[in-house]
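Peer 1: Curious how this folds, go ahead:
(3 chains)
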Amino acid sequence: MSWKRSAIAFAAVVAALGANAQTATAGGRVTIGVTETIASYDPYADSVSLAYGIWCQVLGCLGVYDFSKSDYVGMLAESWEVDKADPTIWTFHLRHGLKRQNDGKELTADDVVFSFNRVNTDPASQQKQNVAPVKEMSAVDKYTVRVVTKEPTASLLEYLFDRFIITGKDLYEKYGANEADRKYLWGWGPYKLKELQIGQRIVLEKDSANPQVKPENPDTIIFTIMREPEQRVTALINKEIQVAEFIPPQLAQRVREAKNARLVESSSVEIMFLAMSPKYKPWDNVKLRQAVCYAINRDAIIKSILAGQADRLDGPIGPAQYSYDANYAKTNLYIPYDPAKAKELVKESGYTGEPVDLYTPVGRYIDDKEVTQAMIPMLNAVGINARLRTPEWATLWADVQKGKTAFYYMGRGSVVDPSPALSQYFETGGSPRIGLSDPSIDKALAAERVEFDPTSRKNELNVAFKAIEDAAPACFMWSHRMLHGISNTIEFQPDPTGRIFGTHIVVKQ
Amino acid sequence: MAVDVAVADAARPVRARRRFAIRPLLKPKIVLGGAIVLTLIVAGALAPWLAPFDPNAQNLDLALKPPQWLLGPHVLGTDAVGRDIFSRLFYGARVSLVIAVMVVLISGVIGVTLGAISGYFAGIVDFLIQKLVEVVWAFPPLLLAIAIMAFLGQGLRNLILALVMQRWISYCRVARGQALSLRTREFVDAARALGASNTRIIVRHIVPNLFQSAVVIGTFAMASAIISEAALSFLGLGVPPEIPTWGSMLADGRTYISTSWWLALFPGLCIFFTVLGINLLGDGLRDLLDPRLKRSGTGMG
Amino acid sequence: MAGYLLRRVIGTIPVILLITSLVFLLIHAAPGDPADLLLSDQATSQDIAEARHRWGLDQPFYVQYSRFIVNVLKGDFGTSFRYSDPVITVIGERLPATIELAIVSLLIAIALGLPLGVWAGAKPNSWADNLGSFFGFFGISMPNFWFGIMLILVVAGYLNWLPSSGRSTYGIARGSETGFYIVASLLAGNFLAAWDGVRHIILPAVALGTNMMGIIMRVTRSAVLEVMHEDFVRTARAKGVAESTVLWRHVLRNALVPVITVAGLELGTLLSGSIIVETVFAWPGSGSLLISAIESRDYPLITGTVIIYTLAFVAINFMIDILYGFVDPRIRFGK
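Peer 2: This is a model prediction of the structure:
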């Protein structure tokens, strides 16, 4: 008899303890399930989107791209201008009186210059490409930084904002890199770093003294690694987390149907494309490359496999990117699904039917294997004898980087201002990934790079887009819509870069 | 010839000559296991005729349809690009069968050969081969396969190679044991005195005694090969996508598991029942052929 | 005996070195460049070349290899490319999670497999036997990664009984997660944390331990079957000893020998099975660390983890051999 009673009591205790303690926002705590991790205490040693997002709000960035305004806004910097006489000289004016977390030291230009040097000299630095166009930085006075670029670079903010992390010179010099990074990651951002468990979780705490935070922003934010989408959705529904990053299209419905959460969509800054390298037969013939673009029924793939959660790209960029011109895209850059035309182009190209392999990563991009599977019969239908190959990512990437892959599906992330990405893939001497050399593209890209007037630049970019489409080294597919699962206990509109800022989250009371 | 017969008779362990009997074969384990394995073989062999659809035929309009059971053409539903799951299971059976049989045969031949040589010649040859066995055995199993697949790339041949790499050891052990115990017997000296070559002795006298152990090891090795192939496919290291395998179907279905459960459930069930059938069969055969092997639960002796 | 032990220990060293060399060779020969993979996709070729230089990858192969072997013999496993920390530290932080998982899986396997096996063996062909054998065959036939996915789907997803992944819930853990979470919490008197740890470990341990449970069940069954026919059992019964005592004290003790042997041998399979299960459940152990290290070609981390796994493997086999030799004197000196 007493056995049974103890058993019931035990079960009751078990049940009580089991009631998951993560009823979320208790005390303003928000837990976020993320797909990436920070691999090091050194803020310059990571280059993943998550790291930038976290370090920007803990340590501070000069500025960020504000998608709601479609323009760059300052964070640590208040304003900036390009010298009229010499467009390689930029001047950034820092905000006055920005007090650092914990010790209240003010941000000065010296810290910015120091950070620039550290990015370039830190042995573990993976962020050099973010300051690549900059020749030198110097402190003009306490709050003014002079930046000299190697060449006129209209898209400089694409490099420096969001990704150039500012750390304190004094802490580094006093404690040395190791200790400074492990114990003194104090910054000028609105959130303090409370805990960093490499590869597992990052815990941030609101710095109430910072003018950027509001009382309704969460007091504590926990970024916890959850690589599997299934895991994130389950955790969201179980109330273990309040934000589930990157929901794939097939799980969208499940999140929509959840009682305690909702699906929030936004555009993303990643563009998906098929690359064809003219260095290899049969892709050296422009007609065959163009044929591929007409052969793929992108709308059908978006509708069925991607459950409508992608925006077809007409031209290399979409609405989320800087300087997108919808009219121009519709009239000049749209390539319709036209298998008859594709067949004709294939014939004209003189393609002899030899097998071609389409390479795709698996699990790296949303439904990558599935969409490329669907492309194979489409290619076969117009006479291209295509086969799908799904090598392991390391192998594939090694080959792509060396320019050894002739035909592949790939994505390019972090595209806000398209200039760096286009240059990387399509300019002569960019990266070896495609190996295209087209003088009209080169000319157009060089022109837009030095054009500082936004309207003129937009036109120059359009010229570049058209040139790229005509040369067809790539067929631009779509840009995935970014889906987040958000608990009904908070208000949050995710940023298309995928970065999650505590100041954008409002905890409902 | 007569020499061989005489020698062989002397070499055979003292055991009652068995007449081929049906009754012992009717034990439930063997019947059930045998039935499952037979179904697998038939499904795989006759896949082109039994499967209602081409396993690679896509139809984006019919993607992710749930099982229609007997009410529609897509009995077990369709996958993300509209391919018929039921048909793919048949072809997957084919691949699993081929892989399992090839792995077992190849590893068996390699293992028995090396083991027999090792035990028969003893001395330095034995030492070297056994060191090789130790090294291969101590290598964490999955790792070796992953390394091979990552290095050599996708492909049926590479997959079989990766799976064979560690499975020949069990055969080697058993063969070596047999060879060691037999090499000192007088009949071997007698055979040698009569001019029989080493190869002949090994082949005619040592190998046949391994048959029963090999069968038992073989069935369990088949089961483990099927699971390993699934695991490798699951990690993305299997065969290229145009070859349907249960493992890759499982991997593909994983992202759809909570919304389109049929993608992962059916291949998983296939793997499970196939392995179960093979294990039952193997167990039953072992009970029948060599009760001495009952000691260990894994059939490794 | 001591001489035999020493010889065995010395004998394993070349084996481990050989394996390590093999792994080193394999990963360096495999396609994929760590610098390419770990740096951003916008890194310039100069950045990549610098990283390769920093990691010593631009040296000729024999230089890299000899440096590696010398370091390994010194006990220095190098610095992880990705985490910039010594490999030993990185693995050391994740290893307890794997060990914890392995131990709990083993406990589950024994707790279920042993009694089922004993009952089945004691009464062959009864319902106990059939039920037990069902579990036995289920265990050895079930692919653990599929089982894991199904468990997540049903138990965590539909039923919401247990968390779907990870090792602990933040806020309860209070910082002791990288060690032996459950035990440490118990020792500290933090029962809430210990319970949290238990809730997180159940599903992965069940997924991982099922295979072992099946094996233990079957081995126990056949061992018990054999022992049941021994003379001493009949004697005990004739003396009037209760049947359950006969079973659990006398029979089991004798049946345990082969069970321990096989269980020990299968521990290696458990270790490699944990690699996949950790991936499925996002369990922060050394197995999932290894998978991500392979994917990013983090050479020092790969070789370091493989060495540790191999050492564990070899150590377990060694101990089983000793145990076996201890128990059966015929084996002790022969071979």
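
Peer 1: For the chain, give me the ranges with low pLDDT.
Peer 2: Looking at chain A here, since you left the chain open. Along chain A, the parts satisfying pLDDT under 70 run over A:1-27.

Peer 1: you looked at the wrong chain, it should be chain B
Peer 2: By pLDDT under 70, the weakly predicted segments of chain B are B:1-26, B:140-141, B:186-187, B:290-301.

Peer 1: same thing with the stretch 151-300 of chain C?
Peer 2: Flagging of the stretch 151-300 of chain C using pLDDT under 70 yields the residue ranges C:170-178.

Peer 1: hang on, A:Trp283 is in a strand, isn't it?
Peer 2: No. Counting by DSSP: H, G, I helix; E, B strand; the rest coil, A:Trp283 falls outside a strand, being coil.

Peer 1: so what's the spatially closest residue to it that is not a sequence neighbour up against?
Peer 2: Leaving aside its sequence neighbours, A:Trp283 sits nearest to A:Met276 (C-beta to C-beta, 6 or more residues apart in numbering or on different chains; 4.3 Å). All C-beta spots, glycine's among them, are computed from the backbone N, C-alpha and C. By C-beta atoms under 8 Å, 6 or more residues apart in numbering or on different chains, the contact set of A:Met276 is A:283, A:288-289, A:292, A:406-407, A:434, A:472-475.

Peer 1: what secondary structure does A:Gly411 sit in?
Peer 2: What three-state DSSP gives for A:Gly411 is strand.

Peer 1: Regarding chain C, what is its longest helix?
Peer 2: Criterion DSSP state H: the longest helix present in chain C is helix C:191-228.

Peer 1: on that earlier part again, kindly provide the distance from the residue nearest to A:Trp283 to chain C.
Peer 2: Using C-beta to the nearest C-beta, to the nearest Å, A:Met276 is found at 19 Å from chain C.

Peer 1: Then A:Asp284?
Peer 2: According to C-beta to the nearest C-beta, A:Asp284 and chain C sit 24 Å apart.

Peer 1: Can you get me a residue count around the closest residue to A:Glu228 other than its chain neighbours?
Peer 2: The shortest distance from A:Glu228 to any non-neighbouring residue, by C-beta to C-beta, 6+ apart, is to C:Ala282 (6.3 Å). C:Ala282: 22 surrounding residues under other C-beta atoms under 10 Å in any protein chain shown.

Peer 1: which residues touch C:Ala282?
Peer 2: A:225-228, A:231, C:165-166, C:288.

Peer 1: can you tell me the helix or strand for A:Ile32?
Peer 2: strand A:29-34 (DSSP states H and E).

Peer 1: Paired strands for that strand, with orientation please.
Peer 2: When pairing is defined by DSSP bridges, strand A:29-34 lines up against strand A:220-225 (parallel), strand A:243-244 (parallel).

Peer 1: Residue 54: what's it in contact with?
Peer 2: As the question left the chain open, I've gone with chain A. A:Ile54 neighbours (C-beta under 8 Å, 6+ apart): A:38, A:193, A:202, A:204, A:223.

Peer 1: Hmm, no, I was thinking of chain C.
Peer 2: For C:Arg54, the contact set (C-beta under 8 Å, 6+ apart) comprises A:Pro123.

Peer 1: now with 10 Å?
Peer 2: Contacts of C:Arg54 were listed using C-beta atoms under 10 Å, 6 or more residues apart in numbering or on different chains, and they are A:123-124, C:35, C:81.

Peer 1: what's the answer for B:Ala122, then?
Peer 2: Counting by C-beta under 10 Å, 6+ apart, B:Ala122 has contacts B:176, B:179-180, B:183-184.

Peer 1: Show only the entries of those found in helices.
Peer 2: Checked against DSSP H, the contacts of B:Ala122 include these in helices: B:176, B:179-180, B:183.

Peer 1: so where does the nearest residue to A:Ile441 once chain neighbours are set aside fall, helix or strand?
Peer 2: Leaving aside its chain neighbours, A:Ile441 sits nearest to A:Ala467 (4.6 Å; criterion: C-beta to C-beta, 6+ apart). When secondary structure is defined by DSSP H and E, A:Ala467 falls within helix A:454-471.

Peer 1: And C:Phe135, how far from chain A?
Peer 2: In terms of C-beta to the nearest C-beta, C:Phe135 sits 24 Å off from chain A.

Peer 1: wait, does the helix or strand encompassing that residue make contact with chain B?
Peer 2: Assigned by DSSP H and E, C:Phe135 belongs to helix C:127-141. Yes. Contact of helix C:127-141 with chain B (C-beta under 10 Å from any C-beta of the partner chain) involves C:130, C:133, C:136-138, C:140-141.

Peer 1: need these in JSON lines with pLDDT, can you?
Peer 2: Output for these, formatted as JSON lines (pLDDT from 0 to 100):
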{"residue": "C:Asn130", "pLDDT": "86"}
{"residue": "C:Ser133", "pLDDT": "87"}
{"residue": "C:Gly136", "pLDDT": "90"}
{"residue": "C:Phe137", "pLDDT": "89"}
{"residue": "C:Phe138", "pLDDT": "91"}
{"residue": "C:Ile140", "pLDDT": "87"}
{"residue": "C:Ser141", "pLDDT": "89"}
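
Peer 1: A:Leu436 in helix, strand or coil?
Peer 2: coil.

Peer 1: tell me the contacts of the closest residue to it other than its chain neighbours?
Peer 2: Computed as C-beta to C-beta, 6+ apart, the closest residue to A:Leu436 that is not its neighbour in sequence is A:Pro473, at 4.2 Å. Residues near A:Pro473 by C-beta under 10 Å, 6+ apart: A:273-278, A:283, A:286, A:289, A:425-426, A:433-438, A:441.

Peer 1: what about the helix or strand following the helix holding C:Phe135, near chain A?
Peer 2: Next in sequence after helix C:127-141, counting helices and strands by DSSP H and E, comes helix C:144-151. Yes. Counting by C-beta under 10 Å from any C-beta, chain A is contacted by helix C:144-151 at C:Ile149.

Peer 1: Just the buried residues of stretch B:253-264, please?
Peer 2: For stretch B:253-264, the neighbour count (16 or more other C-beta atoms under 10 Å in any protein chain shown) marks B:253-264 as buried.

Peer 1: Make sure A:Pro229 is actually in contact with A:His484.
Peer 2: No. A:Pro229 lies out of contact with A:His484 (C-beta atoms under 10 Å); the separation is 11.6 Å.

Peer 1: longest helix of chain B?
Peer 2: Max-length helix for chain B by DSSP H is helix B:85-121.

Peer 1: Point out the other helices and strands that the following helix or strand past that helix packs with.
Peer 2: Following helix B:85-121 in sequence order, the next helix or strand is helix B:123-138 (DSSP H and E). Packing partners of helix B:123-138 (3 or more C-beta pairs under 10 Å, 6 or more residues apart in numbering or on different chains; DSSP states H and E): helix B:85-121, helix B:168-183, helix C:2-29, helix C:299-327.

Peer 1: Just want the most central residue of chain A.
Peer 2: A:Ser414 (3.6 Å; C-alpha atoms, centre = their mean).

Peer 1: ok, residue 195 - how many residues close by?
Peer 2: Just going to use chain A. Neighbour tally, A:Glu195, other C-beta under 10 Å: 13.

Peer 1: switch to chain B, that's the one I care about
Peer 2: Neighbour count for B:Gly195, taken as other C-beta under 10 Å: 8.

Peer 1: The contacts of A:Ile54 into a markdown table, with extra columns for distance to B:Val188, neighbour count and secondary structure?
Peer 2: Formatted as a markdown table, the contacts of A:Ile54 follow (distance: C-beta to C-beta, whole Å; neighbours: other C-beta atoms under 10 Å in any protein chain shown; DSSP: H, G, I helix; E, B strand; the rest coil):
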| residue | distance to B:Val188 | neighbour count | secondary structure |
| --- | --- | --- | --- |
| A:Ile38 | 67 | 25 | coil |
| A:Leu193 | 75 | 22 | strand |
| A:Ile202 | 70 | 23 | strand |
| A:Leu204 | 76 | 24 | strand |
| A:Phe223 | 70 | 26 | strand |
